[in-house]
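Novice: build me a model:
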Amino acid sequence: VQLVESGGGSVQAGGSLRLSCAQSGYRIDGHCMGWFRQRPNKEREKVATIDRYGTTVYRDSVKGRFTISQDSAKRTLFLQMNSLKPEDTGMYYCAAPLSPICTVVDDTTSWGQGTQVNVSS
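Specialist: All right, here's what the predicted structure looks like:
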């Protein structure tokens, strides 16, 4: 599966961005998918996931501000980011497929190239 992210950019604190992740190749509809980010000088962290049933999970720091979703064909993954904060700055990646419990599987999870998000104060 190939994943291509888009939608990053530079915004002021309080602004919004919508990230997209287009999938091609092998269909992975029945798997968990997610967004991750790597902030400056930080380890990669999971931001949000959505499983095959549409159940979503968010890291605490983005709850109430970010929304993960898919299009009806489940070929595009989105991350709507509102009320952005400077600490949201980083490279954002989509990843799929994840395990049934929405964790990265080193041998099978594919990653996009990432899209940069910069939030200024």
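Novice: what residue ranges in the chain score low on pLDDT?
Specialist: The model of the chain has pLDDT under 70 over residues 28-29.
Novice: and the residue nearest the centre of it, what element?
Specialist: With distances taken as C-alpha atoms, centre = their mean, the residue of the chain nearest its centroid is residue 35 (2.1 Å). Assigning secondary structure by DSSP states H and E places residue 35 in strand 32-38.
Novice: rewinding a little: ok, the residue nearest to the centre of the chain - contacts?
Specialist: Residue 35 makes contacts with 19, 21, 46-49, 68, 77, 79, 92-95, as judged by C-beta atoms under 8 Å, 6 or more residues apart in numbering. For the C-beta atoms, the positions are set from N, CA and C on the backbone; glycine is no exception.
Novice: please redo it, this time with the cut-off set to 6 Å
Specialist: In this structure, residue 35 makes contact with 47, 48, 79, 94, judged by C-beta atoms under 6 Å, 6 or more residues apart in numbering.
Novice: I'm done for today, thanks for sticking with me.
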